[in-house]
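>>> A structural model of the following input is requested.
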Amino acid sequence: MYLYNFFNSSTSYRVRIALALKGLDYQHHGINIRIGEQSSMDYMRINPSKGVPVLITDDEQTLSQSMAIIDYLDKTHPIPRLIPADNMDRSRVLELANVIACDMHPVNNLRILGYLKKEFGISDEQKNDWYQHWINEGFTAVETLLTRHGHGSYCFGEQPTLADCCLVPQVANALRFGCDLSTFPKVLAVYEHCQQQPAFQQAAPDQQPDYMN
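Model (predicted):
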């Protein structure tokens, strides 16, 4: 398998966690989204959405969108399973994962922040306020879901799921932006536990070949 990704992309980070948890080898190809490599004609032939990650499967199929990629990996390499088979357990994992993937990540994506700055001239302070607002909104929902339904060392039990694959990169990005997460103790507890696990460590941004300060 071949993974087009960027070390600091939270969507790429999700997929790297899933690959590491499943013990799958892949070739890493860095796409520097900070300088616009995702908008090159060559890359747009691979992914017209101009985003990362993209997985080239063993049978040379091209698949974009992190949630679709992880779902594919779970179907083709089901051990360990990241999306539970039980209907309600599956729904709870998808519920929490999608708060992050659908509500939080898109509005704080690099291209959204860049557009706000370029087209509307917002200051760095305003950009940070925007980011913190949506982090607070999203993690308030995640914390509530963990309080209602979460259990164990991970989001849902003693084995990682798609929910943890989504939570860890989002927390990492929020901390990188200097967000105060002290009001989300359950979120932080899951994050800190995951940080001690080898697969999550292997997938971390500072362990990637294209890592830069």
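
>>> any idea how far the residue located most distally from the centre of the chain lies from Y115?
When each C-alpha in the chain is compared with the mean C-alpha position (C-alpha atoms, centre = their mean), G121 comes out farthest, at 27.8 Å. Separation of G121 from Y115 (C-beta to C-beta, to the nearest Å): 11 Å. Quick note: C-beta positions are derived from backbone N, CA and C, even for glycine.

>>> and the chain, what are its domains?
2-80, 87-199 (automatic domain parsing).

>>> Looking only at residue counts, what's the top helix in the protein?
helix 124-149 (DSSP state H).

>>> Measure how far that one is from the centre of its chain, please.
Relative to the chain's own centre, helix 124-149 is displaced by 15 Å; criterion: C-alpha atoms, centre = their mean, to the nearest Å.

>>> and if you look at stretch 195-212?
Distance, centroid of stretch 195-212 to centroid of chain: 13 Å (C-alpha atoms, centre = their mean).

>>> Same check on stretch 120-139?
With C-alpha atoms, centre = their mean, you get 19 Å for stretch 120-139.

>>> Enumerate the positions of it that are buried.
For stretch 120-139, burial by neighbour count (16 or more other C-beta atoms under 10 Å) applies to I122, K127, W130, Y131, Q132, W134, I135, N136, G138, F139.

>>> Stretch 193-211 too?
Buried-residue list, stretch 193-211, by 16+ other C-beta under 10 Å: H193, C194, Q197, A199, F200, A203, A204, P205, Q208.

>>> Could you dump those residues into a markdown table and include pLDDT?
As requested, the buried residues of stretch 193-211 are exported to a markdown table (pLDDT from 0 to 100):
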| residue | pLDDT |
| --- | --- |
| H193 | 98 |
| C194 | 98 |
| Q197 | 98 |
| A199 | 98 |
| F200 | 98 |
| A203 | 98 |
| A204 | 98 |
| P205 | 98 |
| Q208 | 98 |
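
>>> okay, the residues you listed in JSON lines with distance to Q27 and secondary structure next?
Output for these, formatted as JSON lines (distance: C-beta to C-beta, whole Å; DSSP: H, G, I helix; E, B strand; the rest coil):
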{"residue": "H193", "distance to Q27": "30", "secondary structure": "helix"}
{"residue": "C194", "distance to Q27": "25", "secondary structure": "helix"}
{"residue": "Q197", "distance to Q27": "24", "secondary structure": "coil"}
{"residue": "A199", "distance to Q27": "18", "secondary structure": "helix"}
{"residue": "F200", "distance to Q27": "21", "secondary structure": "helix"}
{"residue": "A203", "distance to Q27": "15", "secondary structure": "helix"}
{"residue": "A204", "distance to Q27": "18", "secondary structure": "coil"}
{"residue": "P205", "distance to Q27": "18", "secondary structure": "helix"}
{"residue": "Q208", "distance to Q27": "13", "secondary structure": "coil"}
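
>>> which one of the residues you listed is nearest A163?
C194 (10.7 Å; C-beta to C-beta).

>>> Not counting residues beside it along the chain, what's closest to the closest one?
Counting by C-beta to C-beta, 6 or more residues apart in numbering, F200 is the residue found nearest to C194 once chain neighbours are left out, at 4.5 Å.
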